[in-house]
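1. would you be able to build a 3D model of this:
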Amino acid sequence: MKQTILVIVTVLVWNASAWAADRPAPPAERPSGTGVIVHSDGYVLTAHHVIANARRVVVVTPGEVRTSAIVVSTDPEHDLALLKAETVGLSETSIAHAGTVRLDQEVIAIGFPFGLREVSVTRGRIAAMRTKGVQRVFQVDAAINPGNSGGPLYNADGELIGILTTKFSHPSGIVPEGMAFAVPVSYATPLLANIEGFDFSVIGKTRNGKKAKKGKAANDDRLAGMLRTTVRIETARGAEASPPPATPAPVESIKRQDPVPPIAQGQGETRNPTSRTPDTAVIQQVNEQLQKTQQEQLLALTRQGVPVPDGMVLIPAGEFWMGAEDGLPDMRPMHRVYLSTYWLDQHEVTNRQYRQCMESGGCAPPKDHSAYNDETRADHPVTNVTWTQARNYCGWRGKRLPTEAEWEKAARGIDARLYPWGNSDDMVKTRLRHSESAKNGTVPVGSIEFARSPYGVADLVMNASEWVNDWYAEDFYRSSPGRDPQGPARGGFKVLRGGEPSDRPLELRASYRGWDDMSYWGPSLGFRCAQDAS
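-> All right, here's what the predicted structure looks like:
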């Protein structure tokens, strides 16, 4: 009996050993690129193609400390990815403002060429800045090898300005020797917004908050800091490889979670940075997609028997990017917000419309009557009204003032454009012509055709500033709810949105936040109304 049991055990052991020997070994991680630490809790920014279709991702920090990592968010269009390594307490890089990069600027590229385990430092200059179109890229006259992909590109002050990529090629199909490309770090803003507690206010500041010191010792210290924040990315790939998880797409028709509109191209296509789709073409593509979604939801509401309010535009439900990482402190951080479907007045409330409310006893007259009583200005926006007067008018119409989130989404859509018409600063120059022809700073509503938003809302900028419903708080975006935010519960000032022709370009941006006492009134301050769609 004992002998029989021994035989069975022996057979089982032999079968297990044979099975283990026949089982294919899991693929080992191999160097595939470079990354840069952007947060001390283990968050690493790299190129998307470095980790695409990887079964496992390992981050190797200075000192050859290996730690597994997960993919937090990706942006394949701009070849960017954010990883989270299972470690904390790391040295993190300093990030530069998007607008600080200049042609012929000295830069430093760091990475692991050809998958080697020894880091390399390459110096060069910005040879060209491909800024035509929404998607941008820096061309660097430094010898960058494939293993450098995902590595940091620094300015002379040790601030991160871009992520190296091999996604782009020369029109001939051959990348000239000594030429490389980098994606501006500003495109990583939506990815960085996934880091809890990320402080966007430090962007553009050196580690000590002072101007960078000069001299060999200072340069050595900066280089040492750059090396501490550069990591090697290793991946394991196999036949069963599956793509890394991507951040969920917005509800609206553009199936992306980043603020830059997609440029149509085949999967895996190598793009030529000198022949990008023009800005106007990309913006038009986004507008058409948003308008299609708008029409589909309008049709659905009509089938449900929901009437379309007179003079109002439907803003479909979905996410959009609110704020700006390169703006004033109260515009940061840039963050995702989901808004339910709502209606918004296509035009600002006019003197003619406000007079109807006043004659019915529902509204008090404007604080200054000069523009209001001018018959030639009946179709100009009503101005010189306080926040309370604006709220009362909307209530009289069975409506309400919009929230600042509703105002901003209507102005910029979901692609985080700077202005309702797109990203071109050239259009801002036309404000001078309108300002010279406008009396008391306004023109008839709807007369500034180029300033219409992607949803067809007119005059959100370039005519009059507008009251919205929210109380103002400089730091509200740091704790703002992700769904239908209503602003702070209390405050001393109300938010103003939009800009008048005499304003500076920054104040004409869709993300700009003004504020004043709710009893304030002026010749270029008006309003429009909103209404829930449910």
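2. low pLDDT regions in the chain?
-> 1-27, 98-99, 114-115, 130-135, 166-179, 206-214, 238-279, 429-440 (pLDDT under 70).
3. can you give me the helices in it?
-> 2-22, 48-51, 189-192, 216-228, 279-303, 351-359, 387-396, 404-412, 430-437 (DSSP state H).
4. start and end of stretch 126-138, how far apart?
-> In terms of C-alpha to C-alpha, to the nearest Å, the two terminal residues of stretch 126-138 are separated by 7 Å.
5. hang on, the earlier thing: for the helices of the chain, give me TSV that also has distance to residue 489 and mean neighbour count.
-> Any C-beta I mention is one placed from the backbone N, CA and C, and that applies to glycine too. Below are the helices of the chain laid out as TSV (distance: least, C-beta to C-beta, whole Å; neighbours: other C-beta atoms under 10 Å):
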stretch	distance to residue 489	mean neighbour count
helix 2-22	63	9
helix 48-51	41	24
helix 189-192	28	24
helix 216-228	42	14
helix 279-303	31	16
helix 351-359	29	18
helix 387-396	17	20
helix 404-412	15	26
helix 430-437	36	14
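6. now the strands: where do they sit in the stretch 401-534 of the chain?
-> For the stretch 401-534 of the chain, applying DSSP state E, counting those that start in this stretch gives strands covering 465-471, 494-497, 514-516, 525-527, 530-532.
7. ranking the ones you listed by burial, who's on top?
-> Compared across the strands of the stretch 401-534 of the chain, strand 525-527 shows the largest average neighbour count, a mean of 27 (mean count of other C-beta atoms under 10 Å).
8. touching that one from outside, list them.
-> 348-349, 381-385, 390, 393-394, 401, 442, 463-468, 496 (C-beta atoms under 8 Å, 6 or more residues apart in numbering).
9. how about stretch 309-317?
-> Taking C-beta under 8 Å, 6+ apart as the rule, stretch 309-317 contacts 251-252, 290, 293-294, 297-298, 301, 308, 338-347, 406, 409-410, 455-457, 531, 533.
10. run the last query once more with 7 Å
-> 251-252, 293-294, 297-298, 339-347, 409-410, 455-457, 531, 533 (C-beta atoms under 7 Å, 6 or more residues apart in numbering).
11. contact partners for the nearest residue to residue 203 once chain neighbours are set aside?
-> Nearest non-adjacent residue to residue 203, counting by C-beta to C-beta, 6 or more residues apart in numbering: residue 95, 4.8 Å away. If you count contacts by C-beta under 7 Å, 6+ apart, residue 95 has them with 159, 160, 185, 203.
12. mind redoing it with 8 Å?
-> Residues near residue 95 by C-beta under 8 Å, 6+ apart: 38, 159, 160, 185, 202, 203, 204.
13. tell me where the stretch 1-150 of the chain has strands.
-> Under DSSP E, counting those that start in this stretch, the stretch 1-150 of the chain gives strands at 30-39, 43-46, 56-61, 65-75, 80-85, 94-95, 106-111, 120-130, 137-140.
14. can you list the ones you listed in TSV and add distance to residue 355?
-> Shown next, in TSV, are the strands of the stretch 1-150 of the chain (distance: least, C-beta to C-beta, whole Å):
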stretch	distance to residue 355
strand 30-39	55
strand 43-46	56
strand 56-61	65
strand 65-75	50
strand 80-85	53
strand 94-95	52
strand 106-111	61
strand 120-130	52
strand 137-140	54
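15. if we can go back for a sec, export the strands of the stretch 401-534 of the chain to a markdown table and tack on distance to residue 370?
-> Output for these, formatted as a markdown table (distance: least, C-beta to C-beta, whole Å):
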| stretch | distance to residue 370 |
| --- | --- |
| strand 465-471 | 18 |
| strand 494-497 | 21 |
| strand 514-516 | 21 |
| strand 525-527 | 14 |
| strand 530-532 | 29 |
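16. for those, which one sits closest to residue 222?
-> strand 514-516 (38.7 Å; C-beta to C-beta).
17. within its sheet, name the partner strands of that closest one and how each one runs.
-> Next to strand 514-516 in the sheet, as set by DSSP bridges, lie strand 494-497 (antiparallel).
18. quick one: contacts of the partner strand?
-> So strand 494-497 is contacted by 387, 404, 407-408, 411, 460, 465-472, 487, 512-518, 525 (C-beta under 8 Å, 6+ apart).
19. show me which positions of stretch 101-110 end up buried.
-> Within stretch 101-110, the residues that count as buried by 16 or more other C-beta atoms under 10 Å are 101, 105, 107, 108, 109, 110.
20. what's the answer for stretch 337-354, then?
-> 337-339, 341-351, 353-354.
21. next one: stretch 30-48
-> Neighbour-count burial for stretch 30-48 [16+ other C-beta under 10 Å]: 31-39, 41-48.
22. now stretch 472-480
-> Within stretch 472-480, the residues that qualify as buried are 472, 473, 476, 477, 480, counting by 16+ other C-beta under 10 Å.
23. wait, the first one touches residue 491, no?
-> Read it as residue 472. Yes: using C-beta atoms under 8 Å as the test, residue 472 is close enough to residue 491 to be in contact (5.6 Å).
24. got CSV for the helices of the chain, with distance to residue 449 too?
-> Formatted as CSV, the helices of the chain follow (distance: least, C-beta to C-beta, whole Å):
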stretch, distance to residue 449
helix 2-22, 72
helix 48-51, 39
helix 189-192, 31
helix 216-228, 49
helix 279-303, 14
helix 351-359, 21
helix 387-396, 26
helix 404-412, 16
helix 430-437, 11
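25. right, and those - which one's nearest residue 125?
-> Ranking these by proximity to residue 125 (C-beta to C-beta) places helix 216-228 first, at 16.4 Å.
26. and the nearest residue to residue 368 once chain neighbours are set aside, how many residues sit next to it?
-> Nearest residue to residue 368 in three dimensions, chain neighbours excluded: residue 384, at 4.1 Å (C-beta to C-beta, 6+ apart). Neighbourhood size, residue 384 [other C-beta atoms under 10 Å]: 20.
27. pull the contacting residues for residue 384.
-> The contact partners of residue 384, taken as C-beta under 8 Å, 6+ apart, are 366, 367, 368, 369, 371, 372, 521, 522, 523, 525.
28. need the max-distance pair from those.
-> The span of the contacts of residue 384, defined through C-beta to C-beta, is set by 369 and 525 at 15.2 Å.
29. can you name the residues that contact the residue nearest to residue 533 when sequence neighbours are not counted?
-> Spatially, and ignoring its direct neighbours in sequence, residue 533 is nearest to residue 341 (4.0 Å; C-beta to C-beta, 6+ apart). Counting by C-beta under 8 Å, 6+ apart, residue 341 touches 297, 314, 315, 316, 317, 533, 534.
30. as CSV, the residues you listed with distance to residue 117 would be great.
-> Output for these, formatted as CSV (distance: C-beta to C-beta, whole Å):
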residue, distance to residue 117
297, 54
314, 57
315, 52
316, 51
317, 50
533, 58
534, 59
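31. buried sites along stretch 323-335?
-> 323, 324, 325, 326, 327, 330, 331, 332, 333, 334, 335.
32. what's the answer for stretch 483-491, then?
-> For stretch 483-491, the neighbour count (16+ other C-beta under 10 Å) marks 485, 487 as buried.
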